[in-house]
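1. Got a predicted model here, sequence first, then my questions.
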Amino acid sequence: MKPSAESIAASIQAAGKGRGLPPVHLWNPPFCGDLDIRIARDGTWFYLGTPIGRPGLVKLFSSILKKEDGKYFLVTPVEKVGITVDDAPFVAVDFNVVGDDLRFETQVGDFATAGPDNPIRVVRDADTGEPAPYVLIRADLEALIDRKSFYRLVDLGVTETVDGVDWFGVRSGGMFFPIIEAAELG
C-alpha cells in the first residue's frame, strides 16, 4: 500500500507523542516512495496541491521531518516518504531578545536560540544581491528568517572585524554572525 498523508499521521499518532519531538534521528525505516507534500518558501504546507489547513496536522508533520543527503523526508518508525521543500522547511516568523541572545520562533511553534548549535547564515542572490537569512532550527533543518524579523535584526546589528574584514552582523549565543561586509554598506 502506497503511503498517504493520512497513513503517515496515523502512524506517528500510534507511535505516541511524549514530551518533545519524536526521535526521528533514531528511526531508519525503509523508503516507501515520494508523497505529494510540498513546503513552499513562505512556510505553507501543501498536500496534493492544496494547502493543508489544519495547523495541528502541519505541526505533527513538521515534528517528523528529517533531512538526509540534501533531501527531505517524513519519517515514522515504520515508513519514510520523500517530500519537496522549495527553500527551507521552516520560516522564522519572530524573535525575541533574551539577555544577549536571539530566540527565534517558527511558523509551527518551534524555538531556537541563535548560537553555536543554531547558527545564522545569510546567502546573497548572485543576480540581485538580495539577502536570504536563515537560522538552524534542529538537525540540519533551517528556517528562512522572514522579512520583518530580518529588518529587526538589522536594527540590532553591530560592526566587527573577522579575519581582517569589517562585517556588519548580529551577536547571539556568544557568537558574531556576519550579514554583509561593512564596506558594502557605504
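-> Received, thanks.

2. where in this protein is pLDDT low?
-> Counting by pLDDT under 70, the chain has low-confidence residues at 1-2, 4, 7-19, 186.

3. In it, what residue spans correspond to helices?
-> Taking DSSP state H, the helices of the chain run over residues 5-15, 55-63, 147-155.

4. Kindly spell out which helices and strands sit in contact with the last one.
-> Packing contacts for helix 147-155, counted by 3 or more CB pairs under 8 Å, 6 or more residues apart in numbering; DSSP states H and E, involve strand 90-98, strand 131-138. C-betas here are computed from N, CA, C, even on glycine.

5. ok, and what's touching it?
-> Here helix 147-155 makes contact (CB atoms under 8 Å, 6 or more residues apart in numbering) with 92-95, 102, 104, 131, 133, 145, 170, 179.

6. now that helix against strand 131-138, angle please.
-> When axes from the mean of the first three to the mean of the last three CA atoms, to 10 degrees is applied, the directions of helix 147-155 and strand 131-138 differ by 100 degrees.

7. Go through helix 147-155 and flag the buried ones.
-> For helix 147-155, a neighbour-count test (16 or more other CB atoms under 10 Å) marks 149-150, 152-153 as buried.

8. Pull the most distant pair out of those residues.
-> 150 and 152 (7.2 Å; CB to CB).

9. Nearest to residue 125, out of the helices and strands packed on helix 147-155?
-> Once the helices and strands packed on helix 147-155 are compared by CB to CB, strand 131-138 is nearest, at 7.0 Å.

10. just checking, what packs against the closest one?
-> By 3+ CB pairs under 8 Å, 6+ apart, strand 131-138 packs against strand 90-98, strand 101-106, strand 111-113, strand 120-124, strand 141-145, helix 147-155, strand 175-181.

11. would you put the C-alpha positions of it in PDB?
-> Taking C-alpha atoms only, strand 131-138 is exported to PDB below (Å, rounded to 0.1, in the frame of the first residue of the first chain):
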ATOM      1  CA  PRO A 131      19.900  38.700   1.200                       C
ATOM      2  CA  ALA A 132      18.200  35.400   2.300                       C
ATOM      3  CA  PRO A 133      18.800  34.900   6.100                       C
ATOM      4  CA  TYR A 134      18.500  31.500   7.700                       C
ATOM      5  CA  VAL A 135      18.800  30.100  11.200                       C
ATOM      6  CA  LEU A 136      19.300  26.500  12.000                       C
ATOM      7  CA  ILE A 137      16.400  25.100  14.000                       C
ATOM      8  CA  ARG A 138      17.300  21.500  14.500                       C
END
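
12. If anything else comes up later, I'll come back, but that's it for now.
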